[in-house]
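Asks: the sequence and its predicted three-dimensional model are supplied below.
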Amino acid sequence: MTATISWRRVVLAVFTLASLATLLYTIGAPHTHGG
Amino acid sequence: MSIRMLVLVVIPPLVGVGIGYLAGGRLAGFWAIRIRGLWLLWLAAGLQVAHYYVPLVREFVSDRAMLAVVFAPVLLWLGVNLRHWPAGLRIAGAAIVLGAALNAVAIGLNGRMPYSPAAADAAGLRAGITTPKNVPAGDGTRLSYLGDIIPIAPLKKVVSLGDLLISGGSCAVVALAMRRHRRESGTAQETRTPIPVGGDL
């Protein structure tokens, strides 16, 4: 039995994680010079 | 967005992935909880980018109005998802809401997010500069302790208590969502439902 990777799910997982990463950028306001 | 900012925002979900795997979870857990309306987060991010980099936006939209415009899609996203999520994930989501609320109060009261010049100095930033989103805290600053007061020297950033709650909450959302896969698999085994092997990340 070989476990195969579903690339569609990989892309969706990366998209979901990237979406969650935007939280700190939007509702967080870390101080930085230049954004 | 600078590389350091990119690192700062991706750390919480990536730490969540690490914790999720250590707890026996899998990324496939995301499908178990169904995260809806992710486009709302990208809409908010796009509006935030516009506020930072498009002078015309800053000219015509006040800082306080922009606060509402950027926060609204994110809070709507949380509202859409929280009611469908299990208890643990709701608590993590509530931490994000609380963090957002603390930041919103600080920004709302001061027009922009106040930051501690001392903390900026400790983080290796030049203190006293006003940016589209941040203003140095002074005597007239209200609730300055809710502002950016925690220096993250390696990334040259200063974050707030609200930012820590948002980071911790998003980290927990990822880790707890990944653990749902284990629970779903356990339930499936108990009921002797065949478990698809392919696609588990």
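Replies: Good, I have the coordinates. Numbering: from 1, shown residues only, chains lettered A, B, ... in the order given.

Asks: switch to C-alpha atoms for all contacts and neighbour counts from now on
Replies: Will do.

Asks: isn't residue B:160 right up against residue B:149?
Replies: Yes. Counting by C-alpha atoms under 8 Å, residue B:160 touches residue B:149, with 5.7 Å between them.

Asks: these two: which is more packed in?
Replies: Taking neighbours as other C-alpha atoms under 10 Å in any protein chain shown, residue B:160 and residue B:149 compare with residue B:160 leading, 28 against 23.

Asks: how about that one, nearest residue that isn't a chain neighbour?
Replies: Using C-alpha to C-alpha, 6 or more residues apart in numbering or on different chains and skipping the chain neighbours, the partner closest in space to residue B:160 is residue B:148 (4.1 Å).

Asks: just give me the neighbour total for the one you found.
Replies: 32.

Asks: now it: how far from residue B:59?
Replies: With the distance defined as C-alpha to C-alpha, to the nearest Å, residue B:148 ends up 25 Å from residue B:59.

Asks: repeat for residue A:10
Replies: 41 Å.

Asks: neighbour count winner among those two?
Replies: Neighbour totals were compared for residue A:10 and residue B:59, and residue A:10 leads with 16 against 10 (other C-alpha under 10 Å).

Asks: what helix or strand is that one located in?
Replies: Using DSSP states H and E, residue A:10 sits within helix A:7-26.

Asks: for that helix, give the mean pLDDT please.
Replies: On average, the pLDDT along helix A:7-26 is 88.

Asks: now for that helix, which elements pack on it?
Replies: helix B:3-22, helix B:38-53, helix B:63-82, helix B:161-190 (3 or more C-alpha pairs under 8 Å, 6 or more residues apart in numbering or on different chains; DSSP states H and E).

Asks: for the residue nearest the centre of chain B, which non-adjacent residue is closest in space?
Replies: In chain B, the C-alpha nearest the mean C-alpha coordinate belongs to residue B:166, at 4.4 Å (C-alpha atoms, centre = their mean). Take residue B:166 and drop its neighbours on the chain: the residue closest to it by C-alpha to C-alpha, 6+ apart is residue B:96, 4.3 Å away.

Asks: gap between the one you found and residue B:112?
Replies: Distance from residue B:96 to residue B:112, by C-alpha to C-alpha: 20 Å.

Asks: quick one: which of those two has more around it?
Replies: Per other C-alpha under 10 Å, whichever of residue B:96 and residue B:112 has more neighbours is residue B:96, with 30 against 23.

Asks: my read is that the more buried one contacts residue B:164, right?
Replies: No. Counting by C-alpha under 8 Å, residue B:96 sits too far from residue B:164 to count as a contact (9.1 Å).

Asks: and for the two, which residues touch both?
Replies: With contacts defined as C-alpha atoms under 8 Å, 6 or more residues apart in numbering or on different chains, no residue is shared by residue B:96 and residue B:164.

Asks: closest to residue B:100 out of the helices and strands packed on helix A:7-26?
Replies: Among the helices and strands packed on helix A:7-26, helix B:161-190 comes nearest to residue B:100, with 6.1 Å by C-alpha to C-alpha.

Asks: rounded mean pLDDT for that closest one, please.
Replies: 82.

Asks: next: stretch B:126-146.
Replies: Here the average pLDDT along stretch B:126-146 is 87.

Asks: do it and chain A meet?
Replies: Yes. Counting by C-alpha under 8 Å from any C-alpha of the partner chain, chain A is contacted by stretch B:126-146 at B:129, B:131, B:133-134.

Asks: buried ones in that stretch?
Replies: Using 16 or more other C-alpha atoms under 10 Å in any protein chain shown as the test for burial, stretch B:126-146 gives B:127-128, B:130-137, B:141-142, B:144-146.
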